[in-house]
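Trainee: Make a model of this:
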Amino acid sequence: MDEEYAYQDERLNRSYKRLLLTLSASEQIKLRDEERRWLSWRKHRCGKYEIELAAYGCELEMAADRATQLEERLGK
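Mentor: Have a look, this model is predicted:
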């Protein structure tokens, strides 16, 4: 699970950074705000699980989903 999380987290960060480069300054601010809200939402959603492993799996799944969303915005 650690390897998969590292992969999805890197995928998410790479997509986010690439998307930022395609946006105007005002759009970059909007994406940064959106990303901060998403991180807060992920922490809240995944923190509801009582078992640590389940929370880790939740974060992994959400990182993969978010990376896919950002990649789609890049036109992948």
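
Trainee: now this protein, which segments are flagged as low pLDDT?
Mentor: Screening the chain residue by residue with the criterion pLDDT under 70, one finds the ranges 47-53, 55, 76.

Trainee: what ranges do the helices span in it?
Mentor: Along the chain, the stretches classed as helices by DSSP state H are 2-21, 25-46, 52-74.

Trainee: In JSON lines, list those helices along with mean neighbour count.
Mentor: For glycine as for every other residue, the C-beta is placed from the backbone atoms N, C-alpha and C. Shown next, in JSON lines, are the helices of the chain (neighbours: other Cβ atoms under 10 Å):
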{"stretch": "helix 2-21", "mean neighbour count": "14"}
{"stretch": "helix 25-46", "mean neighbour count": "12"}
{"stretch": "helix 52-74", "mean neighbour count": "15"}
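
Trainee: Roughly how far does L39 sit from A63?
Mentor: In this structure, L39 and A63 are separated by 10 Å, where distance is defined by Cβ to Cβ, to the nearest Å.

Trainee: Let me fix that, I meant to ask about R37.
Mentor: Distance of R37 to A63, given as Cβ to Cβ: 15 Å.

Trainee: For L23, grab phi and psi.
Mentor: L23 has phi and psi values of phi -110, psi 160 when expressed as degrees, to the nearest 10.

Trainee: Tell me how many other residues crowd it.
Mentor: When counting by other Cβ atoms under 10 Å, one arrives at 14 neighbours for L23.

Trainee: Now for it: which residues touch it?
Mentor: Neighbouring residues of L23 by Cβ atoms under 8 Å, 6 or more residues apart in numbering: L31.
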